[in-house]
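*Asks:* let me see the structure of the following:
(one chain, ligands or ions: 1)
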Amino acid sequence: MLLVTGATGTIGRYLVRALTEADAPFRALVRDARKGKELGCEFVVGDFDDPASMVSALKGADRLLLNSGGALPLAGQQPMVRQQTGVIDAARAAGVTWVVKVSAWQPGPDAKLSVRAHWEIEQHLQASGLRWSSLRPTGYMQNFFTGDGGFTHSGALAGPYGVGRVAYIDAYDVAACAAALLTGPLGGGDAYALTGPEALTHEEIAAKLAIPFHDLTPKKASEDLRAQGLPGWFVDDLLRLYADMAAGSMSEVTTAVRDLTGRPPRTFDEFLANR
Ligand SMILES: NC(=O)c1ccc[n+]([C@@H]2O[C@H](COP(=O)([O-])OP(=O)(O)OC[C@H]3O[C@@H](n4cnc5c(N)ncnc54)[C@H](OP(=O)(O)O)[C@@H]3O)[C@@H](O)[C@H]2O)c1
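*Replies:* Here you go, the predicted model:
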């Protein structure tokens with residue numbers, strides 16, 4: 001039995017569909033029973049912040065998809081680290097044998113805060129004695145459309161992007177990789193750097209979205225973000241991510257999606273056609 005966390009999220013919804021189609025025995029963890037009913041699969045209500053609920057949710061599970069997001073950092077502390085390391089400990093106690101974690105691109109001790117959080121969780125997972133696999137995607141193509149926080153909310157694509165290319169990935173492909181691992185032979189100890197099939201500039205992406213592109217200076221972007229009320233340390237962290245992207249840190253294209261699923265990842269055009 002698989003337990004899928006983050007089941008109501010960007011990757012989770014695709015994963016629920018993929019596992020249902022594959023007829024794999026799984027249960028989805030949800031915080032809100034109403035959202036669970038909407039998923040149309042077996043679900044259990046629980047919250048990473050409620051350890052007792054996780055003990056119940058993990059009963060009988062032998063494989064775990066570890067994925068969550070959305071918790072706002074407070075004064076530089078990422079709640080995700082406490083939450084996910086707690087779930088790893090609960091999984092080990094419950095007899096889970098293999099954890100597949102949704103991580104991030106190039107996690108490391110010197111990465112920007114949210115990515116460093118994934119590195120800390122990976123360290124905990126690797127020390128846990130459990131079998132583990134880590135999915136390390138670049139940015140999701142879905143980021144361009146996620147409501148108020150979406151990259152294109154203002155009707156234009158504006159940021160200090162420069163001409164750096166990014167090999168964005170469709171969350172559909174991240175879910176397909178997770179499904180392949182969770183339903184495949186027992187593995188472990190592998191990290192997969194997941195990308196789309198092409199690295200695009202943000203000007204090229206704006207053209208595909210048929211919206212204007214504004215390449216801002218880092219100073220202007222910082223002023224705009226602070227004017228939105230975001231805390232200074234958070235803006236500085238975000239600006240670091242932009243600077244890395246502009247320098248090409250996410251431009252590598254890997255074969256990991258094809259290796260895991262047997263087919264190439266979706267292009268940006270295919271992502272748009274399937275929305
Ligand atoms: N966005 C990107 O480009 C990108 C790139 C690389 C890696 N990532 C990583 O991917 C992960 C998912 O990010 P996302 O932005 O796409 O989020 P998401 O998957 O759309 O949503 C977060 C999911 O986590 C669940 N969740 C949040 N807090 C929880 C808690 N306390 N207990 C149980 N479940 C909880 C949410 O449930 P509810 O429905 O109840 O809120 C939701 O299902 C994050 O770890 C992020 O760092 C994102």
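*Asks:* surely residue 3 is within a helix?
*Replies:* No. Secondary structure of residue 3, determined by DSSP: H, G, I helix; E, B strand; the rest coil: strand, with no helix assignment.
*Asks:* pretty sure it contacts residue 26?
*Replies:* Yes. Judged on Cβ atoms under 8 Å, residue 3 makes contact with residue 26 at a distance of 7.3 Å. Yep, even glycine has a C-beta here, placed from its N, CA and C like the rest.
*Asks:* between the two, tell me which one has more neighbours.
*Replies:* residue 3 (28 against 24; other Cβ atoms under 10 Å).
*Asks:* the residue in the stretch 151-275 of the chain that the ligand sits nearest to: what's it in contact with?
*Replies:* Nearest residue of the stretch 151-275 of the chain to the ligand: residue 171, at 6.7 Å (Cβ to the nearest ligand atom). Neighbour list for residue 171: 10-11, 14, 140-142 [criterion: Cβ atoms under 8 Å, 6 or more residues apart in numbering].
*Asks:* what's the closest of those residues to residue 100?
*Replies:* residue 11 (11.1 Å; Cβ to Cβ).
*Asks:* looking at it, that closest one is touching residue 176, isn't it?
*Replies:* No. Assessed by Cβ under 8 Å, residue 11 is found out of contact with residue 176, at 9.8 Å.
*Asks:* so residue 114 belongs to a helix, correct?
*Replies:* Yes. Per three-state DSSP, residue 114 lies within a helix segment.
*Asks:* quick one, what contacts it?
*Replies:* Here residue 114 is in contact with 73, 78, 80, 104, 237 (criterion: Cβ under 8 Å, 6+ apart).
*Asks:* okay if I get those residues as CSV plus secondary structure, distance to the ligand and neighbour count?
*Replies:* As requested, these are exported to CSV (DSSP: H, G, I helix; E, B strand; the rest coil; distance: Cβ to the nearest ligand atom, whole Å; neighbours: other Cβ atoms under 10 Å):
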residue, secondary structure, distance to the ligand, neighbour count
73, coil, 11, 17
78, coil, 9, 20
80, helix, 6, 19
104, coil, 4, 20
237, helix, 13, 19
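*Asks:* now the stretch 151-275 of the chain, which segments are flagged as low pLDDT?
*Replies:* 153 (pLDDT under 70).
*Asks:* ranges for the helices of it?
*Replies:* Secondary structure of the stretch 151-275 of the chain (DSSP state H, counting those that start in this stretch): helices located at 171-183, 202-209, 218-227, 232-246, 256-261, 268-273.
*Asks:* so which of these gets nearest residue 86?
*Replies:* That would be, of the helices of the stretch 151-275 of the chain and by Cβ to Cβ, helix 171-183, which comes in at 20.9 Å.
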